[in-house]
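K.L.:
sequence first, predicted model second:
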Amino acid sequence: SQTIHQWPATLVQPVGSPLSLECTVEGTSNPNLYWYRQAAGRGLQLLFYSVGIGQISSEVPQNLSASRPQDRQFILSSKKLLLSDSGFYLCAWLTGRGKDEQFFGPGTRLTVL
Amino acid sequence: GENVEQHPSTLSVQEGDSAVIKCTYSDSASNYFPWYKQELGKGPQLIIDIRSNVGEKKDQRIAVTLNKTAKHFSLHITETQPEDSAVYFCASPNTSGAGSYQLTFGKGTKLSVIP
């Protein structure tokens, strides 16, 4: 069966520090991968998606970047965090190939102080 | 692109009563409508979905109905229990643009089931 992992689960970082969040998927190949951000009490904002290794599309201009160095690995990064980067970061995947179901990871709670 | 409106934003019900959450969508080409449940501090979990070739789907106490003519779909939870308390999101695929499949989400409904 397929599973999705995110780490770390929680992170507290000072303003101006770098960021690296990792997402990995098991049990599938060539998935579509997505990064979402969720501010406290708010909805889901799509940040990046990827249809394959090295292929990244950005949905909103921001202080963050994403990379997909391997088929089942998706990384969210920043060189210098801002206070506004605080939030709950969710990775998601779907198999494509005619299947619509999208599944989310457990999330990373990021607090920038 | 797709626009999804979700109502209400908050909903409180007594344990044992029913809860209904409604969503409307704009893209008439959309053909897949999932619902997610998000408990506090966790990622959203897919709980039920419906495709455009059926009007209703049930899974125990949860059901989803779809009206393609009116472009709306609803989540129905019967015999609510305290563990149903969570934020619920509806979604619909964005069929415009090439290269990737994306879901457009509603803004969420916070359901509170009062014991």
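P.N.:
Perfect, thanks for sending it. These figures come from a predicted structure and were not determined experimentally.

K.L.:
measure the residue in chain B that chain A sits nearest to to residue A:101 for me?
P.N.:
Scanning chain B for proximity to chain A using Cβ to the nearest Cβ identifies residue B:43 as nearest, at 3.8 Å. Every residue, glycine included, has its C-beta placed from N, CA and C. To residue A:101, residue B:43 is 14 Å away according to Cβ to Cβ, to the nearest Å.

K.L.:
check residue B:2 too.
P.N.:
Counting by Cβ to Cβ, the gap from residue B:2 to residue A:101 is 17 Å.

K.L.:
for those two, work out which one has more neighbours and name it.
P.N.:
Neighbour totals were compared for residue B:2 and residue A:101, and residue B:2 leads with 18 against 11 (other Cβ atoms under 10 Å in any protein chain shown).

K.L.:
in contact with the more buried one, which residues?
P.N.:
By Cβ atoms under 8 Å, 6 or more residues apart in numbering or on different chains, residue B:2 lies in contact with B:25-27, B:30, B:92-96, B:104.

K.L.:
what about the residue nearest to the spatial centre of chain A, which helix or strand?
P.N.:
When chain A is reduced to its mean C-alpha position, the nearest residue by Cα atoms, centre = their mean turns out to be residue A:35, at 3.1 Å. Take DSSP states H and E as the rule and residue A:35 turns out to sit in strand A:32-38.

K.L.:
tell me if that strand is near chain B.
P.N.:
Yes. Using Cβ under 8 Å from any Cβ of the partner chain, strand A:32-38 reaches chain B at A:32, A:34.

K.L.:
what residues does that strand touch?
P.N.:
Against strand A:32-38 from outside (Cβ under 8 Å, 6+ apart): A:23, A:25, A:44-51, A:66, A:68, A:74, A:76, A:87-96, A:102, A:104, A:107, B:100-102.

K.L.:
filter the residues you listed down to the ones in strands?
P.N.:
Within the contacts of strand A:32-38, residues falling in strands by DSSP state E are A:23, A:25, A:45-51, A:66, A:68, A:74, A:76, A:87-96, A:102, A:104, B:102.
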